[in-house]
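Trainee: this is a predicted model, with the sequence first.
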Amino acid sequence: MNIRRAKQEIMNTIAAYLEKDEFGDYRIPEIRQRPVLLMGPPGIGKTQIMEQIAGECDIALVAYTITHHTRQSAVGLPFITEKEYGGNTYQVTEYTMSEIIASVYDRMEASGKTEGILFIDEINCVSETLAPTMLQFLQQKTFGNQKVPKGWIIVSAGNPPEYNKSVREFDVVTLDRVKVIDVEPDFEVWKEYAYGIGLHNAVISYLDIHRENFFRCETTVDGKRFATARGWEDLSEILYAYEALGKKVDTDVTVQYIQYPKIAQDFTNYLELYYKYRKDYQVDSILSGTIPEGTLGKLRYAPFDERLQIVSLLLSRLGGRFRAVKAKDTETGHIYGFIKEYGFELQNGPEEESGALYEKHLDDLKSRVQKRVDAGQNEKELKEEYRGVFRTLEDWMPQVKSADGEVWEMLKERFSSVRAELEAEAEQTSDTLEHAFDFMEAAFGESQEMVFFITELSANANAMWFIGEYECPRYYRYNKALLFEDRSAEIRKQLGEIRGGMAGENHYIP
């Protein structure tokens, strides 16, 4: 199955394991709560989805890569103690608490959450001395003589033997005690994720054409060559950073992330053309409503892949705007929730100075977010989500403290300004989308390029959210008229023919 289905399966498993009966006991007995064993190639997102799952299920997460541990750190260190048996005193070996089990209790204390996920990565790549401990862990949910606390779900991950020569196969006794989920790379699922987090469009558009290069892992006489989803995502980050610094990404940089030289060279050639077209066709001018002179004539004689590249550049800019509006909408929602809670207590709670109450509520909100970070949920996403919220609410604090009895009216006025900023940004984005449609109609009409444009908008969750919230009649009209789901197959076929006709590593260079 793909990683999206695997994520849903794990979430369903967690919901089932944490379901309680009318007496407050877990409906599925602990002994029947099989650990999840997630098996799949490296770099397809097995580790990454665990933070997402913890956040969406609102539970804690402790994650370990077990190959970084020795038997002593996993099980605990031995020490000698004395015990009495049958009236006689004996020296007995016991163990300190496992570092991993201790981390679970530390997480519970820091986050206040008593339920969570204990995630053990690379579980089938452990050393010979640690292998029996891992089998015991999967079979009995213990490290040494310490048991994983109730309410904590065990999820483990490993690579199939073809990707790692250190892999140890599990016996039937162990496999019969775990819930095995096999995961395979799936570009379409990854593309939805890539659009959602704003991966560099050069990466997305390149892989949309060269899907065979999304995941490649081969062993040759010269060693292993591979390209993974993790590599493409990390390459996207360095692309953004280098662009901000004014530096060039060449093949020597690309191959540091895409460790398959031919693919790295191919992408670098594509990237050069991507930047060239962005400059030559003045995409930002097009989206501001001005089609540069000569552009339509140039496109009329351009090859099909060049025309699609221009459409990809439009989609890239639009994608950034859709994502920004959605983030602003989320920020506005959090600010509204804060004002609503604060206003209710201000009007109905115990009498308290308005400024002090506001500060208390802001501290409480920060504490709740920090608790989620302490629980092991995605810190980067949480910081991005709340950074603007905290900045705005902190900026308002001096005015709240000096507003006396006018604080509620002042906050309503301030929130109206926040809402107006959101509407202004959404309106500007709607105009940008309309300008894109103006250009598409003028340049291509109801052509395959328009099919591609509509198809990619439909694949972008942020675009669909924006169109659902703010409407775009032309999207719905073309979506219905072009039957893009059927005609997109024609585009794939034509792209395949173009790829098949290209020879050599430098086929992107005009």
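Mentor: Okay, I see it.
Trainee: how is this protein partitioned into domains?
Mentor: 3-75+103-184, 188-319+426-501, 324-423 (automatic domain parsing).
Trainee: using a markdown table, lay out those domains together with distance to Gly87.
Mentor: Glycine gets a C-beta too; all of them are placed from N, C-alpha and C. A markdown table is the format used below for the domains of the chain (distance: least, CB to CB, whole Å):
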| stretch | distance to Gly87 |
| --- | --- |
| domain 3-75+103-184 | 24 |
| domain 188-319+426-501 | 61 |
| domain 324-423 | 48 |
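Trainee: could you redo these as a markdown table and give each row mean neighbour count and distance to Thr89?
Mentor: Putting those into a markdown table (neighbours: other CB atoms under 10 Å; distance: least, CB to CB, whole Å) gives the following:
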| stretch | mean neighbour count | distance to Thr89 |
| --- | --- | --- |
| domain 3-75+103-184 | 17 | 20 |
| domain 188-319+426-501 | 17 | 56 |
| domain 324-423 | 15 | 43 |
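Trainee: looking at these, which is closest to Lys83?
Mentor: Proximity to Lys83, assessed across these by CB to CB, is greatest for domain 3-75+103-184 (13.5 Å).
Trainee: show me the shaky parts of the stretch 301-450 of the chain.
Mentor: Applying pLDDT under 70 to the stretch 301-450 of the chain flags residues 349-352, 404-405.
Trainee: repeat that with 90
Mentor: 301-313, 316-317, 341-359, 372-382, 384, 397-412, 443-450 (pLDDT under 90).
Trainee: can you name the next helix or strand after the longest helix along the chain?
Mentor: Counting by DSSP state H, the longest helix found in the chain is helix 304-348. Next helix or strand after helix 304-348 toward the C-terminus (DSSP states H and E): helix 354-374.
Trainee: run the angle between that following helix and helix 304-348 for me.
Mentor: 130 degrees (axes from the mean of the first three to the mean of the last three CA atoms, to 10 degrees).
Trainee: which other residues reach helix 354-374?
Mentor: 55, 58, 107, 110-113, 338, 341-342, 345-346, 349, 379, 382, 386, 389-390, 393-394, 396-397, 400-404, 407 (CB atoms under 8 Å, 6 or more residues apart in numbering).
Trainee: re the thing from before, out of the domains of the chain, which is closest to Thr81?
Mentor: Closest among these, using CB to CB: domain 3-75+103-184, at 12.3 Å.
Trainee: can you give me the end-to-end distance of the closest one?
Mentor: End-to-end distance for domain 3-75+103-184, by CA to CA, to the nearest Å: 7 Å.
Trainee: now the residue of the chain positioned farthest from its centre: how far from Tyr195?
Mentor: Relative to the mean C-alpha coordinate of the chain, counting by CA atoms, centre = their mean, the farthest residue is Gly87 (60.3 Å). Computed as CB to CB, to the nearest Å, the Gly87 to Tyr195 distance reads 72 Å.
Trainee: leaving out sequence neighbours, find the closest residue to Thr13.
Mentor: Computed as CB to CB, 6 or more residues apart in numbering, the closest residue to Thr13 that is not its neighbour in sequence is Val36, at 6.0 Å.
Trainee: one step back: in helices, which of the contacts of helix 354-374 appear?
Mentor: In helices, defined here by DSSP H, the members of these are 55, 107, 110-111, 338, 341-342, 345-346, 379, 382, 386, 389-390, 393-394, 396-397, 400-402, 407.
Trainee: just to be sure, Phe466 is in a helix?
Mentor: Yes. Read with DSSP: H, G, I helix; E, B strand; the rest coil, Phe466 is one of the residues of a helix.
Trainee: in space, what's closest to it - neighbours in sequence excluded?
Mentor: Nearest residue to Phe466 in three dimensions, chain neighbours excluded: Phe322, at 4.6 Å (CB to CB, 6+ apart).
Trainee: gap between the one you found and Glu425?
Mentor: The value you get for Phe322 to Glu425, if CB to CB is used, is 11 Å.
Trainee: for those two, indicate the residue with more neighbours.
Mentor: Remark: of Phe322 and Glu425, Phe322 carries more neighbours, 27 against 16, as counted by other CB atoms under 10 Å.
Trainee: check contacts around that one.
Mentor: Listed by CB under 8 Å, 6+ apart, the contact partners of Phe322 are Thr429, Asn460, Asn462, Ala463, Trp465, Phe466.
Trainee: OK, contacts around the fifth one?
Mentor: Residues counted as contacts of Trp465 (CB under 8 Å, 6+ apart) are Phe322, Lys326.
Trainee: using the three-state scheme, assign Val155.
Mentor: Under three-state DSSP, Val155 falls in the strand class.
Trainee: that one and Ile117 touch, don't they?
Mentor: Yes. Applying CB atoms under 8 Å, one finds Val155 in contact with Ile117, separated by 5.5 Å.
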